[in-house]
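Peer 1: Sequence and predicted structure are below.
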Number of protein chains: 2
Amino acid sequence: MSTMVIHNLVLESGETGSVAIDGSVISAIEPGSARVAPDAVVIDGGGKLLLPAFVDAHAHMDKSLLGREWYLNEVGPSLSEMVNNERRYRVEQNIDFREQTGRVGRRMIAAGTTHTRSFVDIDTDIGLKAFEGLMHTREDLRQGLSIQVVAFPQSGMLVRPGTVELMETALRNGADVVGGLDPSSMDRDPKGHLDTIFRMAGRFDVDIDIHLHEPGELGAFAIELIAERTKALGMQGRVTVSHAFCLGGVNDGYLAALIELLVANDIAIMSHGPSGGRPAPPVKRLHEAGVRLCAGNDGIRDTWGPLNMPDMLLRAFLITYRNNFRQDEDIEIALRMCSYGGADVIGLPDFGLGPGNIADLVIVEGQNPIEAMIERPARWLVMTGGRTVAREGACLI
Amino acid sequence: MSTMVIHNLVLESGETGSVAIDGSVISAIEPGSARVAPDAVVIDGGGKLLLPAFVDAHAHMDKSLLGREWYLNEVGPSLSEMVNNERRYRVEQNIDFREQTGRVGRRMIAAGTTHTRSFVDIDTDIGLKAFEGLMHTREDLRQGLSIQVVAFPQSGMLVRPGTVELMETALRNGADVVGGLDPSSMDRDPKGHLDTIFRMAGRFDVDIDIHLHEPGELGAFAIELIAERTKALGMQGRVTVSHAFCLGGVNDGYLAALIELLVANDIAIMSHGPSGGRPAPPVKRLHEAGVRLCAGNDGIRDTWGPLNMPDMLLRAFLITYRNNFRQDEDIEIALRMCSYGGADVIGLPDFGLGPGNIADLVIVEGQNPIEAMIERPARWLVMTGGRTVAREGACLI
């Protein structure tokens, strides 16, 4: 018997039906009207669309300046300029990381994201302050949003002695994943960088997620090294490469070989439909080859740029735009990256719109998911584990 | 003396001030509170942002399927497949062009667009039906939206005998601009195509706007031919090249030569921040060289794809995303393309937020234009020629 039934919803099949929720779990989803226990709460969905909750599998909640004074961006274009500018700015400004990560998290919930993997910068200037703020927010928002924390050496790891020790402290104190970053271009030592993070992952028995901005053959070489270590250490299914611009920047034969390595070692790819005209992973081709894919909103209004918003429907739109998807079935690939794909990659059990799964769901205006993605109306209802956590676009936590 | 005063607005300068409107004209914009006539209507702007109205300088209002049953897109990827599919579909479906163009127009107004240049397909299957529907809508919406109509040979011109005559009939019956399309790849005769449209423009004394999807050197050759004719016929300032992907696809020296041709002949470029990773005009470089730039939303939810929306704040966002703008002053280029730039290119006199100009304006939540572009809230108030034509995101016409 269900504790809540929402009638009159457009289901994933396109039929009109109901979802019944028993405590934190979906007890039934079916066309027509679900059986209703006498004491169940009954809600009319008004013909709106039922979607699985969104998974933001690549966030940087600690970087956001949301809710603070407008940041006038005059930062030079190189990666190192952006990294150094940010590190300096955050120390000067004495950012309250619990407050900032909380602001992003509440907007995520309001927009229907109930799970995220968030990188958190660890360096010898900021130390563990950002990590500690994010850990507070994880606790503050746990009823609405699960946060997987990645210890991330944004300013370099081997080139900045002391960083490894700080990352290890974070892992001892609750970080879930080891992050890596551009092993050649940032750390100047691809073997050293990757050996270090794989060793750390083994010691703490955690997954790995590596930011790889390195273009063309340099990035492709890093993927080879990552695949070698994944295989040698039995880490299949536990490694993600984020951005992986290089997959859009090598010739077709080399790309085919890299895809084979990814599939053979079950290495996942995160692509968020990058800005600019730079090469980007060919999402459809990767999907068709069986590479597991996820997406995320990256940094939200930070010193890197103001554009991103914590809304995975906008992210699906941008992945669609960036990949020039026009056919419905292609656009579905982008949409799935923002829910099921992310859940799969970051390892959420019992995710999805089916009986027995956790009741993480979004109800929104739209005749189908593509229309919801295009119009992006305020989310009418967001539920995390059977609890209503947002209504009419407002977070209730 | 003013007939309406709106107080408490963030002005373009960033100061808080008022705008006073006398009939259809802005009589004053100034920091602080404007003088108010005893009988004037006084409105509190609530600290919202005052923006110039938007100009969608590249629309295809007749193509839209907005408000109709969902169009399941399974169309093949080539330009000719998309063109042929669309021509066939519209004849089969017996589209009501007055209704469809009206739907797009009302959503434009709701989102703050008060002027548009809309291409309208003319071919030997559809004849002038789309044109006639758009002309009705131009009349229906004239209090909220001015529509400049471009007679556009979407299915080819010389390759489809009878098209030129139909275009001429449209020009005799109120079309404002002659449209061209890929003179080599579509009409297979660049000289013939361009000679024909320039001759037509001369005969009817109208401007020219040419869709140029041709990539690399082929498109660059078309720009040379266009510049030669612009110069020879004294058409400087009256020719626009839309899309112009080739400007992103030639080497740097050739690009510099093309930019010189554009500047010397005052040929404007329309770029909407194209989808996919294909080459695109380098907006910032063109702007810095003095090329006049504008933007538009292109087709809205049509057989080509479902992504575009009739919202020029979203368009500014996409131009920003596509050009990887991060600094505030770069983003301003994209924003200006969507208002002042469009007004300049399509030739609107008295446009802009200054005394004596027509009162075409938008008031929206946001601490500055970039934030409004990122958050894209419903437009609080839209005014065309001093008349309130939309409130809270709803068109009043």
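Peer 2: Looks like it came in fine.
Peer 1: can you pull the contacts of residue A:147?
Peer 2: Residues in contact with residue A:147 (CB atoms under 8 Å, 6 or more residues apart in numbering or on different chains) are A:61, A:105, A:116, A:117, A:118, A:134, A:137, A:138, A:141. The way it works is simple: take the backbone N, C-alpha and C, and place the C-beta from them, glycine included.
Peer 1: if you set the cut-off to 6 Å instead, what comes out?
Peer 2: By CB atoms under 6 Å, 6 or more residues apart in numbering or on different chains, the contact set of residue A:147 is A:116, A:118, A:138.
Peer 1: same question, residue A:373
Peer 2: When contacts are counted by CB under 6 Å, 6+ apart, residue A:373 touches A:313, A:316, A:317.
Peer 1: How about residue A:358?
Peer 2: A:350, A:385.
Peer 1: redo that, cut-off 8 Å
Peer 2: Here residue A:358 is in contact with A:24, A:25, A:26, A:350, A:351, A:385, A:386 (criterion: CB under 8 Å, 6+ apart).
Peer 1: How many neighbouring residues does the residue nearest to residue A:397 when sequence neighbours are not counted have?
Peer 2: Spatial nearest neighbour of residue A:397, excluding adjacent residues (CB to CB, 6 or more residues apart in numbering or on different chains): residue A:144 at 4.4 Å. Per other CB atoms under 10 Å in any protein chain shown, the neighbour tally for residue A:144 reads 24.
Peer 1: thought residue A:144 was touching residue A:109?
Peer 2: Yes: judged on CB atoms under 8 Å, residue A:144 makes contact with residue A:109 at a distance of 4.3 Å.
Peer 1: As a check, name the ranges of all strands in the stretch 251-397 of chain A.
Peer 2: Assigned by DSSP state E, counting those that start in this stretch, the stretch 251-397 of chain A shows strands spanning A:267-270, A:293-294, A:361-364, A:381-384, A:387-391, A:394-395.
Peer 1: Nearest spatial neighbour of residue A:74, chain-adjacent residues omitted?
Peer 2: That would be residue B:327: by CB to CB, 6+ apart, it lies 5.6 Å from residue A:74.
Peer 1: Might you report the residue contacts of the one you found?
Peer 2: Listed by CB under 8 Å, 6+ apart, the contact set of residue B:327 reads A:73, A:74, A:75.
Peer 1: now those: which count as buried?
Peer 2: Among the contacts of residue B:327, those buried by neighbour count (16 or more other CB atoms under 10 Å in any protein chain shown) are A:73, A:75.
Peer 1: got CSV for the contacts of residue B:327, with pLDDT and secondary structure too?
Peer 2: Formatted as CSV, the contacts of residue B:327 follow (pLDDT from 0 to 100; DSSP: H, G, I helix; E, B strand; the rest coil):
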residue, pLDDT, secondary structure
A:73, 94, coil
A:74, 92, coil
A:75, 89, coil
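Peer 1: check contacts around residue A:227.
Peer 2: Applying CB under 8 Å, 6+ apart, the residues near residue A:227 are A:261, A:262, A:264, A:265, A:267.
Peer 1: Tell me the spacing between the closest residue to residue A:162 other than its chain neighbours and residue B:313.
Peer 2: Of all residues beyond its chain neighbours, the one nearest residue A:162 is residue A:124 (4.7 Å), with distances taken as CB to CB, 6+ apart. Using CB to CB, to the nearest Å, one obtains 41 Å as the distance from residue A:124 to residue B:313.
Peer 1: Neighbour count: those two, which is higher?
Peer 2: residue B:313 (26 against 15).
Peer 1: Would you check how far apart that one and residue B:392 are?
Peer 2: Distance, residue B:313 to residue B:392, using CB to CB: 16 Å.
Peer 1: And the longest strand anywhere in chain A, what's buried?
Peer 2: Criterion DSSP state E: the longest strand present in chain A is strand A:41-52. Of the residues in strand A:41-52, A:43, A:45, A:48, A:49, A:50, A:51, A:52 count as buried by neighbour count, 16+ other CB under 10 Å.
Peer 1: What residues does the fourth one make contact with?
Peer 2: With contacts defined as CB under 8 Å, 6+ apart, residue A:49 is in contact with A:9, A:10, A:363, A:364, A:365, A:366, A:367, A:368, A:369, A:372.
Peer 1: redo that, cut-off 10 Å
Peer 2: Going by CB atoms under 10 Å, 6 or more residues apart in numbering or on different chains, residue A:49 touches A:9-12, A:14, A:362-369, A:371-372, A:377, A:380.
Peer 1: Stretch A:246-257: end-to-end distance?
Peer 2: Criterion CA to CA, to the nearest Å; first-to-last residue distance in stretch A:246-257 is 13 Å.
Peer 1: Can you report how many residues lie near residue A:216?
Peer 2: Counted with other CB under 10 Å, residue A:216 comes out at 15.
Peer 1: Check the gap between it and chain B for me.
Peer 2: Taking CB to the nearest CB, to the nearest Å as the measure, residue A:216 falls 14 Å from chain B.
Peer 1: And residue A:205, by the same measure?
Peer 2: From residue A:205 to chain B the distance is 38 Å (CB to the nearest CB).
Peer 1: do residue A:193 as well
Peer 2: Separation of residue A:193 from chain B (CB to the nearest CB): 26 Å.
Peer 1: I figured that residue hits residue A:178, correct?
Peer 2: No: the criterion here is CB atoms under 10 Å, and residue A:193 misses it with residue A:178 at 11.4 Å.
Peer 1: Tell me the confidence at the closest residue to residue A:113 other than its chain neighbours?
Peer 2: The shortest distance from residue A:113 to any non-neighbouring residue, by CB to CB, 6+ apart, is to residue A:54 (4.4 Å). The confidence metric pLDDT takes the value 98 at residue A:54.
Peer 1: if I pick residue A:54, what's in contact with it?
Peer 2: Contacts of residue A:54 (CB under 10 Å, 6+ apart): A:108, A:111-116, A:295-297, A:310-313, A:315-316, A:335, A:338-339, A:342-343, A:360, A:362, A:379, A:382.
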